[in-house]
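Undergrad: Just the structure for this:
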Amino acid sequence: MTFAAAPALSGSVTVPGDKSISHRSLMLSALAVGESRVEGLLEGEDVLATAAAMRAMGADIERDADGIWHIHGVGVGGLLQPEQALEMGNSGTSTRLLMGLLASHDLTATFIGDASLSKRPMARVTEPLARMGASFTTSPGDRLPLTMRGACPAVPLDYRLPVASAQVKSAILLAGLNTPGITRVVEPIPTRDHSERMLRGFGAELNVEVEADGTRIITLVGEAELKPQQIVVPGDPSSAAFPMVAALLVPGSQVTIANVGLNATRAGLIDLLREMGGSIEVINPREVGGEPVGDLVVTASALNGVEPDPARAPSMIDEYPVAFIAAALAQGRSVFRGLEELRVKESDRIATMAAGLRAIGVTVEELEDGIIIEGNGGALLAGGGPIATKLDHRIAMSFAVAGLVSRDGVTIDDMAPVATSFPTFVPLLRTLGAVA
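TA: Residues are numbered from 1 along each chain as shown. Next comes the predicted model:
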């Protein structure tokens, strides 16, 4: 698909529900006793993989005609042995969180995924879960296909995260739900805290202490009893990133993105774009289901290069690819470091973005832990392609945004992976006036 230079973008749109919250709402509802209702669930392929897995292990999950999801849970410790391998598709979040969830259950499960997911290493999750008693048989390189045998009772773990990873933290906490005693996770660099918020909301006994240097100490009392909830999922800030950057870059644009989750552990891109000179106003701030939410009014702006603190990375780790597009049209150089995590996403996002940016005329230098981008001061990008997206949805959407500010258009080799997280992406851009 080719995305071409666009006239001014305008209008008001909503983005799909938050992917992180959607995954967790299904998993925790499946462990509660009684019926939970979830409104605004992201119905992308990744979240549907989680729903299918929970059904395979005994939860009753249905969607009604109004788009409300009804989940009848089996209780903590009540998951059943799946009869077949669990198909994870492209979803690393489903895989890693479910491995944690099952680690403290007396069952065996095999995880399989698509070509992209099967290249992603799982050792960062299997290592702490093995300490809790689970055992794993993995493919070479600690990759999928992978078979795990849970431990019941599991051994409570006291674990200091060696890297900032909300997935690893969440996997350990989910394993701790059915583990007698206290599970403790020490997080030197804060990451997204949806798991902590939702676990407390479902009735788990969870406590967070913050030390003077910002280190978070999270303790969870095991053998929890979870109570069913009614959940409203806010719009995903990682999905909002694409129309937000597009509106900043396409001259004359003003776009409102409604109902966006503004959790501080996820709002790093908004802060970064404002530091670059972007006009992003939050209106109608409110709280929905324990999560801060607001509407974003984004107005086209001249941007300047930036060198963000590497400590910011966890708060916008999924948004860096589209931030690189913003940097390509800024005035001056941008230096992004501390991004080792991007090497092990759906693709090596540093290498894939660097190659794609060069292909459309941007001067970049790839670093081991980041990238240096020479901005063009707001001129149209050369365009070109097809861009090799490596089956990575965020790479595809980022270069689609680049196409809207290009001279010759940008062709994307495969837009199909976008369905994993943002199935309405292309129609949404067209609603705003984009040419695709």
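
Undergrad: could you dump the helix or strand encompassing Phe324 to CSV, C-alpha only?
TA: Using DSSP states H and E, the element containing Phe324 is helix 320-328. C-alpha atoms of helix 320-328 as CSV (Å, rounded to 0.1, in the frame of the first residue of the first chain):
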residue,chain,number,x,y,z
TYR,A,320,10.0,5.3,19.3
PRO,A,321,9.5,4.2,15.7
VAL,A,322,7.0,7.0,15.0
ALA,A,323,9.1,9.4,17.1
PHE,A,324,11.9,8.7,14.6
ILE,A,325,9.6,9.9,11.8
ALA,A,326,9.0,13.1,13.7
ALA,A,327,12.7,13.5,14.2
ALA,A,328,13.3,13.1,10.5
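
Undergrad: Quick one: list the elements packing against that helix.
TA: If contacts are counted by 3 or more CB pairs under 8 Å, 6 or more residues apart in numbering; DSSP states H and E, helix 320-328 sits against helix 237-249, helix 268-275, strand 333-336, helix 349-359, strand 370-374, helix 393-403. Where C-beta positions appear, they are placed from N, C-alpha and C, glycine not excepted.

Undergrad: Including distance to Asp295, could these go into JSON lines?
TA: JSON lines is the format used below for the helices and strands packed on helix 320-328 (distance: least, CB to CB, whole Å):
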{"stretch": "helix 237-249", "distance to Asp295": "10"}
{"stretch": "helix 268-275", "distance to Asp295": "13"}
{"stretch": "strand 333-336", "distance to Asp295": "28"}
{"stretch": "helix 349-359", "distance to Asp295": "29"}
{"stretch": "strand 370-374", "distance to Asp295": "30"}
{"stretch": "helix 393-403", "distance to Asp295": "20"}
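
Undergrad: ranking those by burial, who's on top?
TA: Per-stretch averages of neighbours, counted by mean count of other CB atoms under 10 Å, single out helix 393-403 among these, with a mean of 29.

Undergrad: so after that helix, what's the next helix or strand?
TA: Remark: after helix 393-403, the chain's next helix or strand is strand 410-412, criterion DSSP H and E.

Undergrad: ok, and what's touching that following strand?
TA: For strand 410-412, contacts defined as CB atoms under 8 Å, 6 or more residues apart in numbering pick out 1-3, 360, 381, 383-387, 389, 396, 399-400, 402-403.

Undergrad: Mind doing that once more with 6 Å?
TA: Contacts to strand 410-412, defined as CB atoms under 6 Å, 6 or more residues apart in numbering, come from residues 1-3, 360, 383, 385-387, 396, 399, 402-403.

Undergrad: cool, and stretch 116-129?
TA: For stretch 116-129, using CB under 6 Å, 6+ apart, the contacting residues are 88, 90, 92, 96, 99, 103, 136, 142-144, 159, 168, 171-172, 346, 391.

Undergrad: 8 Å - rerun?
TA: For stretch 116-129, using CB under 8 Å, 6+ apart, the contacting residues are 88-92, 95-96, 99-100, 103, 112, 134, 136, 138-139, 141-146, 148, 157, 159, 162-163, 165, 167-168, 171-172, 175, 344-347, 390-392, 417.

Undergrad: what does stretch 16-25 give?
TA: 36, 38, 40-44, 46-47, 50, 93-94, 97, 166, 170, 192, 194-195, 198, 229, 231, 233-239, 261, 266, 291, 421-424.

Undergrad: No more questions from me, cheers.
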